[in-house]
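> here are the coordinates; sequence isn't available:
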């Protein structure tokens, strides 16, 4: 999954999450984040709080200027159609500005801020550090198409009904008119030779744009009667097709010189974890934690398979579950699952559903099919707009057998739907969009969002979803094993000399992935080194749940935990841990598999 509002590589860096400037300075909900009583706050402290709020507002406004896609995706449509400056001068200007912002926020010392202010300062600094890592340390602006593809997606104009179609067509035309210059800057930034998997990603993404612009977009706008706008569109669309195809062709031409030099290395990988997630865990311990969770889930799979498919191998057992396909295909199957999942959340009183919003399910567009599923969620300044849970069809170039195997079984799909919608990403963003502090609505971290969504899968099984049968358990576990192997592949590919072929084989052997998915996942690990955050975030949330409920027992403890966790927006989980438990910021992971008590026991 890759939500356009999550602080991932293609969304933090390309900034598809930011929204408008706000003067709000209320505390996040939760006792630990509450401000000091007014009577105890000095005038100097009050002045500093006002100054901090002004600095946050200026930071958000500055982000708009450096990347207008932030604002447009969040609902500030005066920025529609504009793209960032990807030139070396533009990238340096952004980096210099971020460094200056870091210095400005670091100057708000502990003694000048109350507890809320210290939490908010640390949240802002974490966002800045994460963006600076991808911009400066990763090297990705000069090698990795994933650095750019989030910004360059036109999906907002085509699928989000925030304005009449003619208005969105005008915005799309402006976007297409800006696209050739942006793509020329991207092309000039790439320093050859490039890693083979990066080339493949770029060929598929930019070639997908060209195909989409040529075959799909004209029909979307066919009923707009404005002749002048149609003429502009015809010219801009032709230029956009040519520019995207040119970049795809240029990247394809780099294949003979392609390398396997995708690894960040241990030093940069550790720096990534600290900068983006505030996790400072030695890599050998981090790997051991992942291996333990993989074994925990493999052991659970063996027990479930002993009931579901006795005497069969684990691979044959998983294949039996996968053979029970959703009627009508994955998209239709997911549509049928959402209402049932939502009602289960309500009936079990697992977490508050804070509004009436619903998510639609659609087939993923051609330019964004590098992963099976993802969700697009409107920003906090949009009103009454649908979110869309996208499911990618199999690659038509694959064999018929691989295409058929790519569609998951009903049980596995149920946990993809749990991950993306109820009670995963969609519900999490319903909470984030209502966070008391506007900054928390705008910045949602990778491990926070993906960790919550992945945590939600196991939590739903433990609560008894769909009868919690052995077949249902296998569906949940295959999703968990997929994320465990991502976790270990990220560490292996970037710090341990693992090849893409070895990663692909691990997805087959340990996560029981079909050949097409295994190829996708092995490649993804090279250009998305932070995809360990699904399991990393989940394990931190599981440990936090155990520790928090131990201090706050009761019949509604689980729901109370979930509601408070979701109230902060989306900071690094160690910051949330410090708020919910008190004490220093630390990244405590779930290291004792035997302690993984079912959520039903917490009710």
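Looks like it arrived, so ask away. Predicted, not measured: the structure shown is a model, and the values here were computed from it.
> tell me the pLDDT at residue 598?
pLDDT, the model's per-residue confidence, is 34 for residue 598.
> same check, this time on residue 238
With respect to pLDDT, residue 238 has a value of 98.
> residue 464 now?
Here, the pLDDT recorded for residue 464 equals 98.
> where's it relative to residue 476, distance?
Counting by CB to CB, to the nearest Å, the separation of residue 464 from residue 476 is 12 Å. For glycine as for every other residue, the C-beta is placed from the backbone atoms N, C-alpha and C.
> swap in residue 133?
In terms of CB to CB, residue 133 sits 33 Å off from residue 476.
> out of the two, which sits in the busier spot?
Legend: neighbour count by other CB atoms under 10 Å for residue 133 and residue 476, higher for residue 476 (27 against 21).
> now that one: closest residue in space that isn't a chain neighbour?
Excluding its sequence neighbours, the residue lying closest to residue 476 (CB to CB, 6 or more residues apart in numbering) is residue 461, at 4.3 Å.
> state the mean pLDDT of stretch 444-454.
Mean predicted confidence for stretch 444-454 is 96.
> the chain should start at 21 in everything you say after this.
Fine by me, first position is 21 from now on; the one you just mentioned is stretch 464-474.
> before we move on, back to that, remind me which helix or strand the residue nearest to residue 496 belongs to.
helix 466-482 (DSSP states H and E).
> same deal with residue 403?
Assigned by DSSP H and E, residue 403 falls outside every helix and strand.
> what's in contact with stretch 312-332?
334, 336-338, 340-341, 489-491, 493-494, 497-498, 500-501, 504-505, 507-508, 530, 555, 559, 610-611, 613, 616 (CB atoms under 8 Å, 6 or more residues apart in numbering).
> buried among those residues? Make that a PyMOL selection.
To isolate the buried ones among these in PyMOL, judged by 16 or more other CB atoms under 10 Å, type:
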select buried, resi 334+337+338+340+341+490+491+493+494+497+498+500+501+504+505+507+508+530+555+559+610+616
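> the contacts of stretch 312-332 in helices, which ones?
Within the contacts of stretch 312-332, membership in helices is found for 334, 336-338, 340-341, 490-491, 493-494, 497-498, 500-501, 504-505, 507-508, 530, 555, 559, as judged by DSSP state H.
> surely residue 77 is within a helix?
Yes - assessed with DSSP: H, G, I helix; E, B strand; the rest coil, residue 77 lies in a helix.
> so what's the residue count around it?
Neighbours of residue 77 using other CB under 10 Å come to 18.
> could you list every helix and strand in contact with the helix holding residue 481?
Where contact means 3 or more CB pairs under 8 Å, 6 or more residues apart in numbering; DSSP states H and E, helix 466-482 is packed against strand 26-27, helix 286-297, helix 430-440, helix 445-452, helix 490-515, helix 553-571, helix 593-601.
> deepest-packed of the ones you listed, please.
Among these, ranked by average contacts under mean count of other CB atoms under 10 Å, first place goes to strand 26-27 (a mean of 31).
> report the mean confidence score over it.
Rounded mean pLDDT across strand 26-27 is 45.
> what does stretch 200-209 give?
Here the average pLDDT along stretch 200-209 is 98.
> tell me the confidence at residue 298?
97.
> nearest residue to it in space, please, no chain neighbours.
residue 592 (4.0 Å).
> please name the nearest non-neighbouring residue to residue 111.
Looking at residue 111 with CB to CB, 6+ apart, the closest residue is residue 161, at 5.8 Å.
> just confirm residue 381 is within a strand.
Yes - counting by three-state DSSP, residue 381 falls inside a strand.
> how close does it get to residue 453?
For residue 381 relative to residue 453 (CB to CB), the value is 20 Å.
> residue 185: how many residues sit nearby?
For residue 185, the neighbour count with other CB under 10 Å is 15.
> likewise residue 187?
15.
> ok, and the helix or strand in this structure with the lowest average confidence?
strand 26-27 (a mean of 45; mean pLDDT, DSSP states H and E).
> and for the residue nearest to residue 298, the neighbour number?
Residues near residue 592, counting by other CB under 10 Å: 29.
> so it makes contact with residue 297?
Yes - counting by CB atoms under 8 Å, residue 592 touches residue 297, with 5.0 Å between them.
> which residues are in contact with both of these two?
465, 467.
> for the closest residue to residue 279 other than its chain neighbours, give me its contacts.
Take residue 279 and drop its neighbours on the chain: the residue closest to it by CB to CB, 6+ apart is residue 213, 5.0 Å away. Residue 213 makes contacts with 274, 277-279, 281, as judged by CB under 8 Å, 6+ apart.
> in ChimeraX, how would I select just the buried ones from those?
Of the contacts of residue 213, the buried ones go into a single ChimeraX selection, burial set by 16+ other CB under 10 Å:
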select :274,278
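> show me the two of the contacts of residue 213 that sit farthest apart.
Greatest spatial distance in the contacts of residue 213: 274 and 281, 13.0 Å, computed using CB to CB.
> if I look at residue 325, how far off is residue 117?
Taking CB to CB, one finds residue 325 at 54 Å from residue 117.
> then residue 292?
21 Å.
> what's the burial count for residue 319?
Neighbours around residue 319, by other CB under 10 Å: 12.
> secondary structure element holding it?
helix 303-328.
> mean confidence score for that helix?
97.
> how about stretch 418-431?
Across stretch 418-431, pLDDT averages out at 91.
> which residues outside that stretch are in contact with it?
Contacts of stretch 418-431 (CB under 8 Å, 6+ apart): 341-346, 349-350, 353, 392, 414-416, 436, 486, 491-492, 494-496, 534-537.
> give me the buried positions along it.
Here stretch 418-431 shows 418, 422-423, 425-431 as buried, counting by 16+ other CB under 10 Å.
> of residue 325 and residue 117, which one has the most company?
residue 325 (25 against 16).
> what distance do you get for that one to residue 493?
For residue 325, the distance to residue 493 - CB to CB - is 9 Å.
> surely residue 338 meets residue 501?
No - using CB under 8 Å, residue 338 is not in contact with residue 501; the gap is 9.1 Å.
> quick one: distance of whichever strand or helix holds residue 69 to the chain centre.
Here residue 69 sits within helix 63-86, counting by DSSP H and E. What separates the centre of helix 63-86 from the centre of its chain is 27 Å, taken as CA atoms, centre = their mean, to the nearest Å.
> and it, what does it pack onto?
Going by 3+ CB pairs under 8 Å, 6+ apart, helix 63-86 lies up against helix 88-94, helix 108-126, helix 135-152, helix 458-462.
> cutoff 6 Å now
On a contact count with 3 or more CB pairs under 6 Å, 6 or more residues apart in numbering; DSSP states H and E, helix 63-86 meets helix 108-126.
> show residues contacting the helix it packs on.
Contacts to helix 108-126, defined as CB atoms under 6 Å, 6 or more residues apart in numbering, come from residues 75, 79, 86, 141, 144-145, 148, 151-152, 155-156, 161.
> just the buried residues from the contacts of stretch 418-431, in PyMOL please.
To isolate the buried members of those in PyMOL, using 16+ other CB under 10 Å:
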select buried, resi 341+342+346+350+353+392+414+415+436+486+491+492+494+495+496+534+535+536+537
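> all set now, cheers.
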